[in-house]
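Participant: no sequence for this one, just the structure:
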């Protein structure tokens with residue numbers, strides 16, 4: 001198990017991709033700091049992993065607040081003394097016609113998806129430099145191509161994609177690798193929330209509309225969180241030292257072409 005005794009920090013670990021990623025590393029025997037801003041959800045997530053070989057640490061905090069990003073990394077240093085992998089999985093979705101969007105929607109989305117990712121990286125750099133560590137950011141297909149009526153979300157994830165590349169170049173001399181995953185639609189609580197908020201609660205119609213863009217035809221399905229988690233672990237693996245600055249699509253060919 002190549003992550004045994006490694007120290008991992010996963011933001012947005014209460015559910016979805018973040019939770020499955022934390023779970024995967026737990027199964028490998030790692031010590032995982034699980035971050036979330038909803039303490040009750042975070043406690044349930046951590047307690048559900050008690051039977052696995054890894055060790056859990058709750059790390060409550062809001063990544064949109066720079067001071068809390070700094071405090072979380074200080075806690076990791078004080079508790080574990082090192083950090084091997086940072087996974088930035090915290091994120092929110094917003095959609096709608098651009099001429100109906102509000103400043104509040106812009107600020108919340110950019111603050112969590114873009115600013116939060118940057119400042120978690122910023123405060124993790126000194127720790128990761130000591131271990132030759134890895135950052136894996138969760139971007140999106142919306143960070144590679146424009147999606148209809150999702151301008152704010154695309155702006156936030158486009159920022160994550162290019163942030164990943166810029167940090168990879170900057171941090172390579174310091175021994176830190178930086179990569180991103182760019183999933184398409186993933187079957188998570190965030191997708192269900194989007195259906196409730198933007199799909200009028202009509203799950204079948206909303207999901208069918210999303211899946212209609214994929215090239216698989218009758219075999220189409222959503223990506224599963226575990227599939228993303230395993231790709232994140234691949235990018236974090238010490239066996240792929242040559243991979244940095246990569247933004248891997250996990251989208252059934254959604255962004256490959258028409």
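Facilitator: Thanks, I have it. In this text the structure is predicted, and so the values were computed from the model without any measurement. Numbers count the residues shown, from 1 in each chain.
Participant: tell me, what residue is most central in this protein?
Facilitator: The centre of the chain sits closest to residue 89, judged by CA atoms, centre = their mean, with a distance of 2.0 Å.
Participant: Mind pulling the model confidence for that residue?
Facilitator: On the pLDDT scale, residue 89 is placed at 98.
Participant: again with residue 1
Facilitator: 64.
Participant: now residue 195
Facilitator: 84.
Participant: Isn't it up against residue 207?
Facilitator: Yes - counting by CB atoms under 8 Å, residue 207 is a contact partner of residue 195 at 6.9 Å. No exception for glycine: its C-beta is placed from N, CA and C like everyone else's.
Participant: and residue 104, that one's in a strand?
Facilitator: No - Residue 104 is assigned helix when assessed by DSSP: H, G, I helix; E, B strand; the rest coil, not a strand.
Participant: Please tell me how far it sits from residue 90.
Facilitator: Plainly put, residue 104 is 18 Å away from residue 90 if you go by CB to CB, to the nearest Å.
Participant: likewise residue 248?
Facilitator: From residue 248 to residue 90 the distance is 19 Å (CB to CB).
Participant: Also residue 19?
Facilitator: Per CB to CB, residue 19 is found 12 Å from residue 90.
Participant: What about the closest residue to residue 202 other than its chain neighbours, how many residues nearby?
Facilitator: If the residues on either side of it in the chain are set aside, residue 202 comes closest to residue 195, at 7.8 Å by CB to CB, 6 or more residues apart in numbering. Using other CB atoms under 10 Å, residue 195 has 18 neighbouring residues.
Participant: list the contacts for residue 195?
Facilitator: With contact set as CB atoms under 8 Å, 6 or more residues apart in numbering, residue 195 has these partners: 201, 202, 203, 206, 207.
Participant: Mind listing what's buried along the strand or helix carrying it?
Facilitator: Element membership for residue 195, per DSSP states H and E: helix 189-198. For helix 189-198, burial by neighbour count (16 or more other CB atoms under 10 Å) applies to 190, 191, 194, 195.
Participant: Same check on stretch 206-217?
Facilitator: Result for stretch 206-217 [16+ other CB under 10 Å]: buried residues 206, 207, 210, 211, 213, 214.
Participant: Can you get me the start-to-end distance on it?
Facilitator: 17 Å (CA to CA, to the nearest Å).
Participant: any idea how far that stretch is from the chain center?
Facilitator: 23 Å (CA atoms, centre = their mean, to the nearest Å).
Participant: Counting neighbours, what do you get for the residue lying closest to residue 106 once chain neighbours are set aside?
Facilitator: Using CB to CB, 6+ apart and skipping residues adjacent in sequence, the residue nearest residue 106 is residue 152, 5.5 Å away. The tally of other residues near residue 152 (other CB under 10 Å) stands at 23.
Participant: hmm, who's touching the helix or strand residue 152 falls within?
Facilitator: Residue 152 is located in helix 151-171, with elements delineated by DSSP H and E. Applying CB under 8 Å, 6+ apart, the contact partners of helix 151-171 are 88, 93-95, 98, 101, 105-106, 109-110, 112-114, 117-118, 121, 125, 128-129, 135, 137-140, 142-144, 146-147, 176-180, 182, 244-245, 247.
Participant: What sits closest to residue 248 if chain neighbours are left out?
Facilitator: The shortest distance from residue 248 to any non-neighbouring residue, by CB to CB, 6+ apart, is to residue 181 (5.4 Å).
Participant: Kind regards, and thank you for your time.
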